[in-house]
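# Task: produce atomic coordinates for the following.
(one chain, ligands or ions: 4)
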Amino acid sequence: MNNYKVVEKFISINGEGSRAGQLAAFIRFHYCNLNCSYCDTRYANDSNSNYELLSAQNILDYLKANKVVNVTLTGGEPLLQQNIDYLIDLLLKNGFSVEIETNGSIDIKPFIKETRPIFTLDYKVPSSTMENEMCLNNYQYLTKNDVVKFVVSNLSDLNKAKEIIDTYDLVNRTKVYFSPVFGKIEPRMIVDYMVKHHLNGINMQLQMHKFIWDVNQRGV
Ligand SMILES: C[S@@+](CC[C@H](N)C(=O)[O-])C[C@H]1O[C@@H](n2cnc3c(N)ncnc32)[C@H](O)[C@@H]1O
Ligand SMILES: Nc1nc2[nH]cc(C(=O)O)c2c(=O)[nH]1
Ligand code: SF4
Ligand SMILES: [Mg+2]
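Numbering: from 1, shown residues only. Ligands and ions are numbered 1, 2, ... in the order given. Predicted coordinates for the structure are as follows:
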């Protein structure tokens, strides 16, 4: 089995998604196929960025040594790692609660089995400049344990998010989150939008780790 390209691994509280506030281990993988205008982890994406090569067993040992239950696989784009399915299955088999942070451009069908991780799947709105890359087939596989997340910068992004939520009936299928691109939009503007459009069942979320630590701090 191959090694995985790991840019950083750390234990913290999850600052995002349905497990926000809970202790979790983060494994951040190298490389991404997208280049979002707002990406806060460019240091993981560049072809010349530093990473270590870890086997699935190395990662498992790290998680066991740290006595965590929640594991978030992120990046970069975690689903692009060769044989990521092997690692996911190994972690699930060992009792870990696995969350995948994925960018919405990768077909998740191969990962949908009886025992599977939860997905936090972005829909990249217009200001990301990556909207054309979205794999819209993915929504059929989501359940109420998964999340579709819209990271928004402005009113046009919010309008597009609403259109996608309505078209794919996302609130009834899965959890839906709005999150501001950090520093780019007043969070209250998102709340005002939710009030104005009666957006019941949607969660507004701020990236908690950026309030606890410096916004540019890595490994937290
Ligand atoms: C860094 S990405 C890594 C996983 C995957 N590539 C993706 O985009 O979902 C993790 C999450 O951080 C979000 N994110 C990245 N930069 C951000 C920023 N400046 N403000 C708010 N959220 C951001 C992404 O939209 C994504 O939901
Ligand atoms: N504390 C903390 N929570 C997170 N949730 C998702 C993260 C990510 O970068 O994918 C992240 C992160 O980088 N730090
Ligand atoms: S998909 Fe994720 S990691 Fe890739 S550029 Fe966008 S936010 Fe960054
Ligand atoms: Mg994501």
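
# How much space separates P126 from I84?
According to Cβ to Cβ, to the nearest Å, P126 stands 29 Å off from I84. (Each C-beta comes from the backbone N, C-alpha and C, glycine too.)

# which of the two has more neighbours?
I84 (20 against 17; other Cβ atoms under 10 Å).

# got a list of what the closest residue to the more buried one other than its chain neighbours touches?
Once flanking residues are discounted, I84 sits nearest to P78: 6.2 Å by Cβ to Cβ, 6 or more residues apart in numbering. Counting by Cβ atoms under 8 Å, 6 or more residues apart in numbering, P78 touches I27, F29, I84, I100, E101, T102.

# got the end-to-end distance for stretch 60-76?
Stretch 60-76 has its terminal residues 20 Å apart, counting by Cα to Cα, to the nearest Å.

# Now do it: everything it contacts.
Residues from elsewhere that reach stretch 60-76, judged by Cβ under 8 Å, 6+ apart: 7, 9, 11, 14, 17, 19, 22-32, 41, 44-45, 54, 84, 87-88, 90-91, 94-101, 117.

# returning to what we had before: looking at the contacts of P78, which are in strands?
Of the positions in the contacts of P78, I27, F29, I100, E101, T102 sit in strands, assigned by DSSP state E.

# Redo these as CSV? Include neighbour count and pLDDT.
Below are the ones in strands among the contacts of P78 laid out as CSV (neighbours: other Cβ atoms under 10 Å; pLDDT from 0 to 100):
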residue, neighbour count, pLDDT
I27, 24, 98
F29, 25, 98
I100, 24, 98
E101, 24, 98
T102, 23, 99
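
# Pick out whichever of these sits closest to ligand 4.
Ranked by distance to ligand 4 (Cβ to the ion), the ones in strands among the contacts of P78 are led by E101 at 4.1 Å.

# The residue lying closest to that closest one once chain neighbours are set aside bridge partners, please.
Spatially, and ignoring its direct neighbours in sequence, E101 is nearest to T74 (4.0 Å; Cβ to Cβ, 6+ apart). Beta-bridge pairing for T74 (DSSP bridges): R28.

# Near T74, how many other residues are there?
20.

# Would you mind finding the longest helix in this structure?
Across the chain, the longest stretch assigned as helix under DSSP state H is helix 155-167.

# Counting by contacts, list what that one packs against.
Applying 3 or more Cβ pairs under 8 Å, 6 or more residues apart in numbering; DSSP states H and E, one finds that helix 155-167 makes contact with strand 147-152, strand 175-180, helix 187-196.

# Recalculate using a threshold of 7 Å.
The helices and strands touching helix 155-167, judged by 3 or more Cβ pairs under 7 Å, 6 or more residues apart in numbering; DSSP states H and E, are strand 147-152.

# Around ligand 2, pick out the residues from this structure.
Contacts of the chain with ligand 2, taken as Cβ under 6 Å from any ligand atom, map to S12, I13, N14, G15, E16, F26, T41, T72, T74, E101, H209, V220.

# hmm, try it at 5 Å
S12, N14, G15, E16, T74, E101, H209 (Cβ under 5 Å from any ligand atom).

# Distance to ligand 3 and secondary structure added to these, as a markdown table?
Shown next, in a markdown table, are the residues of the chain next to ligand 2 (distance: Cβ to the nearest ligand atom, whole Å; DSSP: H, G, I helix; E, B strand; the rest coil):
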| residue | distance to ligand 3 | secondary structure |
| --- | --- | --- |
| S12 | 18 | strand |
| N14 | 16 | coil |
| G15 | 14 | coil |
| E16 | 12 | coil |
| T74 | 8 | strand |
| E101 | 8 | strand |
| H209 | 15 | helix |
